[in-house]
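*Asks:* give me coordinates for this.
(one chain, ligands or ions: 2)
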Amino acid sequence: MKYPSRVITIAGSAAGGSAGIQADLKTFQELDVYGMSVVTAIVGRHPETDKNVHPQTIEAIEAQFHTAMKQVGADGLKTGMLFSKEVIETTVSLINRHPVKNIVVDPVMVGKLDSKLLEDDAIEALKEKLLPLATIMTPNIPEASLLLGGRALNSVADLREAAVDLYQLGSNYVLVKGGRLEGPAIDILYDGKTIKQYEAPRINTVNTSGAGCTYSAAIAAYLAKGNHIADAVLMAKSFVTTAIEHGFSYTDMVGPTYHAAMRNNGEAHKIIVSEIT
Ligand SMILES: Nc1ncnc2c1ncn2[C@@H]1O[C@H](COP(=O)(O)OP(=O)(O)OP(=O)(O)O)[C@@H](O)[C@H]1O
Ligand SMILES: Cc1ncc(COP(=O)(O)O)c(N)n1
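*Replies:* Ligands and ions are numbered 1, 2, ... in the order given. The predicted model follows:
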């Protein structure tokens, strides 16, 4: 028997199940890779204290990573919410001690409902220490903007420029996600030479909680299975578009994407890929 490829996520636990570790593990399972996790913080709002982020200790973070590496090992790794400078530095040192071939860095900073998922003084460590280890980084518009010192990004042309400039931070590929723009859902991939544009139709829904986590987890899964980056992004974009198409909510709050949508409903949309020179 050929065993499934192995992927580990280092991220926050999202109690509602739509994002973070929960979205990552659901996505790994859907894409038939063996999922493992290192929980950096637990996110869930206490009704009385209003505290929302409950960080884990560095010791607990190191313990989880060492256990997963010793018991299983990894063909791919993804990072999500790291929350603090210390956790970023720990992640860098863990990766340096156990190098992994495919590293997806989702530079999670702010949640959809505007919860703060990265402390301000952690951005420099992210830029200087973690991003240079990344195979691919996957910022959304607010994250790309913060990484570029607060630059306004209002159009696809702005996203292209941002991708070229973010490449200087040292990841091998940059994927800037245009989910927050109007019109079709366009993402830009840059490899230092060529710009590729991935376009999906915009789906009229508010239930996109965890879309970014799901997308980066799917990229990590496809890379770990041996796909080239451009193909991994294409297949992951198709997976997340289908998950958004079938997103839903159990309450009056913004709901999750449906991670099992591709399995249950088949691919909803073709993604248009174009190369821009
Ligand atoms: N309404 C939508 N219809 C189709 N695709 C979408 C929609 N919203 C986001 N996407 C796509 O989903 C993927 C995740 O991107 P998105 O920008 O939402 O990431 P995110 O990190 O969750 O960002 P944010 O927190 O800003 O919404 C991208 O491929 C994006 O283009
Ligand atoms: C623990 C955790 N990690 C990440 C996100 C971002 O989610 P999204 O994919 O919607 O940007 C989140 N809301 N919670």
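*Asks:* show me where the stretch 51-200 of the chain has its strands.
*Replies:* Counting by DSSP state E, counting those that start in this stretch, the stretch 51-200 of the chain has strands at residues 53-55, 76-79, 102-105, 136-137, 173-177, 185-190, 195-200.
*Asks:* just these: most buried one?
*Replies:* strand 76-79 (a mean of 30; mean count of other C-beta atoms under 10 Å). C-beta: built from backbone N, CA, C; applies to glycine.
*Asks:* that strand close to ligand 2?
*Replies:* No. Using C-beta under 6 Å from any ligand atom, strand 76-79 never reaches ligand 2; the gap is at least 10.4 Å.
*Asks:* who does that strand touch, helix- and strand-wise?
*Replies:* On a contact count with 3 or more C-beta pairs under 8 Å, 6 or more residues apart in numbering; DSSP states H and E, strand 76-79 meets strand 6-14, strand 102-105, helix 211-224.
*Asks:* strands paired with that strand, and their directions?
*Replies:* strand 6-14 (parallel), strand 102-105 (parallel) (DSSP bridges).
*Asks:* the longest helix seen in the chain and ligand 1 in contact?
*Replies:* Identified as the longest helix of the chain according to DSSP state H is helix 229-245. Yes. Helix 229-245 lies within reach of ligand 1 by C-beta under 6 Å from any ligand atom, at 237, 240-241, 244.
*Asks:* highest neighbour count among those residues?
*Replies:* residue 240 (31 neighbours; other C-beta atoms under 10 Å).
*Asks:* where does the protein dip in pLDDT?
*Replies:* Filtered on pLDDT under 70, the chain yields the residue ranges 268.
*Asks:* can you show me the helices along it?
*Replies:* Using DSSP H, helices in the chain cover 20-30, 58-71, 85-97, 123-125, 141-147, 156-166, 211-224, 229-245, 261-265.
*Asks:* which parts of the shortest one are buried?
*Replies:* Think helix 123-125. Neighbour counts over helix 123-125 (16 or more other C-beta atoms under 10 Å) mark 123, 125 as buried.
*Asks:* and the third one, by the same measure?
*Replies:* Buried residues in helix 85-97, counting neighbours by 16+ other C-beta under 10 Å, are found at 85-92, 94-95.
*Asks:* now the strands paired with strand 76-79 as TSV including distance to residue 143?
*Replies:* Compiled in TSV, these are given as follows (distance: least, C-beta to C-beta, whole Å):
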stretch	distance to residue 143
strand 6-14	15
strand 102-105	11
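*Asks:* so what's the residue count around residue 32?
*Replies:* When neighbours are counted by other C-beta under 10 Å, residue 32 comes out with 10.
*Asks:* just list the residues touching it, thanks.
*Replies:* Residues in contact with residue 32 (C-beta atoms under 8 Å, 6 or more residues apart in numbering) are residue 4.
*Asks:* ok, now with 10 Å
*Replies:* Listed by C-beta atoms under 10 Å, 6 or more residues apart in numbering, the contact partners of residue 32 are 4-5, 221, 225.
*Asks:* cool, residue 35 as well?
*Replies:* Counting by C-beta under 10 Å, 6+ apart, residue 35 touches 4, 6-9, 21, 24-29, 68, 217, 220-221.
*Asks:* those also near ligand 1: which ones?
*Replies:* The subset of the contacts of residue 35 within reach of ligand 1, by C-beta under 6 Å from any ligand atom, is empty.
*Asks:* right, so of the helices and strands packed on strand 76-79, which gets closest to residue 189?
*Replies:* Residue 189 sits nearest to helix 211-224 of all the helices and strands packed on strand 76-79, at 10.3 Å, using C-beta to C-beta.
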